[in-house]
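J.: Below are the sequence and a predicted model; questions follow.
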Amino acid sequence: MIEIDTAQFETMTLGEPAPGVLLATLNRPDRLNSMSLRMFDELFLLPSLLRDQDELRVLIITGAGKAFCAGFDLDEIGRLAGMGGREFLKFQELATGAMAGIRGLRVPVIAAVNGAAAGGGLALALAADIRLASPTARFNAAFVKVGLSIGDLGTSWHLPRLIGPGRAAEVAYTARFVDAEEAERIGLVNHVHLAETLLAEALTMATQICSNSPAGVQLSKRALQANVDTPFTAAIELENRGQALLTRGEDMTEALEAFKEHRVPVFTGR
């Protein structure tokens, strides 16, 4: 069982809908789950609390109500405007650290996007390994609308790698919305599901992931992330080390024995 002190969280709820699966729901539906300073604190805290949770296998992130996350809460913009340069840099490092922490979790992260994912909400969805969307999902890099750039919260790094530099430039410069159908077509999301089944589909995928070797999945994530911009020879070296490490564990032996005995393997990650 995943053990977290949920009393530390005010802007999101945490639950374990299946063994090894943590569901984090952004919970400011009256504000379309927009990001407050408090939410950034909690998004930064969450990965650090999950780091030592050996039972954790998958994290699902979604939003309560009609939106995934509508970006930064403009009601708090005055607090940002009142910050000095050093104070704002400290906040920016906290916010980007939250995105980096979620991206860097050792386990897969699935974003179940229901409704708007704008600005920082888009950045949060991009930090996930896999994005599932409902038909009402809408993605928007709104930064230029408020005098900022798409170079925020990792968006300028993630977006061109997912949809290509040309499409990323269009989304960045026009600040137009990308609907769910287009998002699936251009590779921004993996699949679109009915709104009423979105979380169930995310949980089904999480359960499929949980049925595999924990160590194998985690090293697969590490290889996929590390090798995005790595020369081929260095990528092969990383792959070789990972495979060599996994063959020293118990899961591969268990999988082979289960295959011979016509049964489902019982993975431990050891």
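T.: Yep, that arrived.
J.: Helices along the protein, start to end?
T.: Listed in chain order, the helices of the chain (DSSP state H) span 37-50, 77-81, 85-103, 120-127, 155-163, 165-174, 180-186, 198-210, 214-226, 232-247, 251-261.
J.: Can you add mean pLDDT and give the ones you listed back as JSON lines?
T.: Converted to JSON lines, these look like this (pLDDT from 0 to 100):
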{"stretch": "helix 37-50", "mean pLDDT": "96"}
{"stretch": "helix 77-81", "mean pLDDT": "74"}
{"stretch": "helix 85-103", "mean pLDDT": "89"}
{"stretch": "helix 120-127", "mean pLDDT": "96"}
{"stretch": "helix 155-163", "mean pLDDT": "94"}
{"stretch": "helix 165-174", "mean pLDDT": "96"}
{"stretch": "helix 180-186", "mean pLDDT": "98"}
{"stretch": "helix 198-210", "mean pLDDT": "98"}
{"stretch": "helix 214-226", "mean pLDDT": "93"}
{"stretch": "helix 232-247", "mean pLDDT": "75"}
{"stretch": "helix 251-261", "mean pLDDT": "77"}
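J.: any idea which of the ones you listed is most buried?
T.: helix 120-127 (a mean of 27; mean count of other C-beta atoms under 10 Å). Where you see a C-beta, it was placed from the backbone N, CA and C, and this is true even at glycine.
J.: Mind giving me the packing neighbours of it?
T.: For helix 120-127, the elements it packs on are helix 85-103, strand 109-113, strand 138-140, helix 155-163, judged by 3 or more C-beta pairs under 8 Å, 6 or more residues apart in numbering; DSSP states H and E.
J.: Could you rerun that using 7 Å?
T.: helix 85-103, helix 155-163 (3 or more C-beta pairs under 7 Å, 6 or more residues apart in numbering; DSSP states H and E).
J.: re earlier: what's the closest of the helices of the chain to Glu16?
T.: Nearest to Glu16 among these is helix 198-210 (10.9 Å), distances taken as C-beta to C-beta.
J.: what pLDDT does the residue nearest the centre of the chain get?
T.: Against the mean C-alpha coordinate of the chain, by C-alpha atoms, centre = their mean, the closest residue is Ala128 at 2.1 Å. Ala128 is assigned 98 on the pLDDT scale.
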